[in-house]
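Trainee: Sharing a model that was predicted from the sequence below.
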Amino acid sequence: MISQAVAARLSQGSMIRRMFEEGNRLKAIYGADQVFDFSIGNPDLEPPAQVLQAIRQLALDETPGRHGYMSNAGYESTRTAIAGRLSRKSGLAVPAGAVCMTVGAACALNVALKALLDPGDEVLVLAPYFLEYLTYIDNHGGRPVVVRTDPETFLPDPDAIRLALTPRTKALIINSPNNPAGVIYPADLLRRIGEVLRQAPQTVYVLSDEPYAELAYDGAIVPATLACLDNVVICDSWSKSLSLPGERIGFLAVSPRCEDADRLAEAAAFCLRTLGFVNAPAFFQRVIELALEARVDIRRYETRRNMLADILQEAGFNLNRPAGGLYLFPKSPIADDVAFAEACARHRVLLVPGSGFGFPGHVRLCFAASESSIRGSAAAFQAIGREFGVS
Ligand SMILES: Cc1ncc(COP(=O)(O)O)c(C=O)c1O
């Protein structure tokens, strides 16, 4: 029999899985081009040419020892390159020793939580949130404490964070640009959150989950969290910015303004090893080093965001146009967002209820879908709008 804790988590995630299975069922009946799947955050752009060129070049390299174990934290040269980039962005001197290469951002978060948490320690999570945070915190004996953001802007309220702090609070997870809300936290708000955390008698670490940091639209700037807050641990990856989610490559970086920074970096490498990852994929560490400045063409995502947002607004739905990330998070026209998502599936439109992100009453749509699929969904959204009386 599987663990009761895992069984409980499995049933909580079942709506998203059911959506995925429903999508496969509908695609088998109607054909993939007749199902409008906005449910999964899988980037549909191919990696940039510079990445593909690095892959070809490195695949031909027959230097001995290229496939062996390495320092748990990763190749020194890759970490030096990343530290340099972080230093230029933040204005802080980030040493290579502060960077630990990881198996995507998900691994970075698990490693950071493992390194920081004692049993019963509390971790503040801002709703709406990436659902996996709750399980990651649970993985390492912590207790998630959910703090809601503003229901219109999805920006966190520093006073609400202040009220949620207890002597057991060990960390706050932030994610900007946000999945699912698409909001970018401004620098002055980050500084105000920093002031609140500084008032706690104990150190409260900020785990800054940043896989969407390069995906900002209309010229928006994503502030460097390292520059705005103390005690930051960046958890990042190239899953979205280089369209490499299947390659599982990311990193964790400990801020020089972090209490006990060297010890925390050492603990991260130890936790990476002992959680069983040992080290991040060797080949893709080298790819990243060669293509560190490459980016997917975000104008193509901006176009898709605009197309899908226009279609939804023309169908009568109420939404903020997100400043970054890959998702729209409109209001559900009925309070029961799960029932609304099921109704959309009957129109062959797949999306995820906000309940799956701790924020009922909304739904999430991923706009990293083909332009033809987005265009093709317009009639279905018009029909959904009419069915729910919003158009
Ligand atoms: C907010 C957020 N954090 C972390 C992750 C995990 O990223 P990775 O695939 O790099 O592990 C995702 C993936 O979708 C995400 O949306």
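Mentor: Right, received. Where do you want to start? Predicted model, so just to flag it, every value in this text is computed and none were measured.
Trainee: Name the residues of the stretch 201-350 of the chain found near the ligand, please.
Mentor: When proximity is defined as Cβ under 6 Å from any ligand atom, the stretch 201-350 of the chain approaches the ligand at 209, 211, 237, 239, 245, 250. From N, CA and C alone the C-beta is placed, and that goes for glycine too.
Trainee: Pull the most distant pair out of the residues you listed.
Mentor: Farthest pair in those (Cβ to Cβ) is 209 and 245. Separation: 14.4 Å.
Trainee: Which entries within the residues of the stretch 201-350 of the chain next to the ligand meet the buried criterion?
Mentor: 209, 211, 237, 239, 245, 250 (16 or more other Cβ atoms under 10 Å).
Trainee: Phi and psi next, for the closest residue to residue 377 other than its chain neighbours.
Mentor: The spatially closest residue to residue 377, leaving aside those adjacent along the chain, is residue 36, at 3.8 Å (Cβ to Cβ, 6 or more residues apart in numbering). Dihedral pair for residue 36: phi -100, psi 100, per degrees, to the nearest 10.
Trainee: Tell me if I'm right that residue 36 and residue 365 touch.
Mentor: No. Using Cβ atoms under 8 Å, residue 36 is not in contact with residue 365; the gap is 9.4 Å.
Trainee: between the two, what contacts are shared?
Mentor: Residues touching both residue 36 and residue 365 by Cβ atoms under 8 Å, 6 or more residues apart in numbering: none at all.
Trainee: Please work out which residues outside stretch 20-35 touch it.
Mentor: For stretch 20-35, contacts defined as Cβ under 8 Å, 6+ apart pick out 37, 39-40, 345, 348, 350, 372-373, 376.
Trainee: Might you report the residue contacts of whichever residue of the stretch 1-150 of the chain sits closest to the ligand?
Mentor: Nearest residue of the stretch 1-150 of the chain to the ligand (Cβ to the nearest ligand atom) works out as residue 104 at 2.8 Å. Counting by Cβ under 8 Å, 6+ apart, residue 104 makes contact with 237, 239, 245, 248-250.
Trainee: Give me the subset of the residues of the stretch 201-350 of the chain next to the ligand lying in strands.
Mentor: When those are checked against strands (DSSP state E), the matches are 209, 237, 250.
Trainee: Could you point out which of those residues is nearest to the ligand?
Mentor: Among these, and counting by Cβ to the nearest ligand atom, the member closest to the ligand is residue 237, at 3.1 Å.
Trainee: and after the least confident helix or strand in the chain by mean pLDDT, which helix or strand comes next?
Mentor: Ranked by mean pLDDT, DSSP states H and E, the helix or strand of the chain with the weakest confidence is helix 14-30, at a mean of 81. On the C-terminal side of helix 14-30, the closest following helix or strand by DSSP states H and E is strand 36-37.
Trainee: quick one: the helices in the stretch 151-300 of the chain?
Mentor: For the stretch 151-300 of the chain, helices defined by DSSP state H, counting those that start in this stretch occupy the ranges 158-164, 187-198, 225-228, 261-274, 282-290, 298-314.
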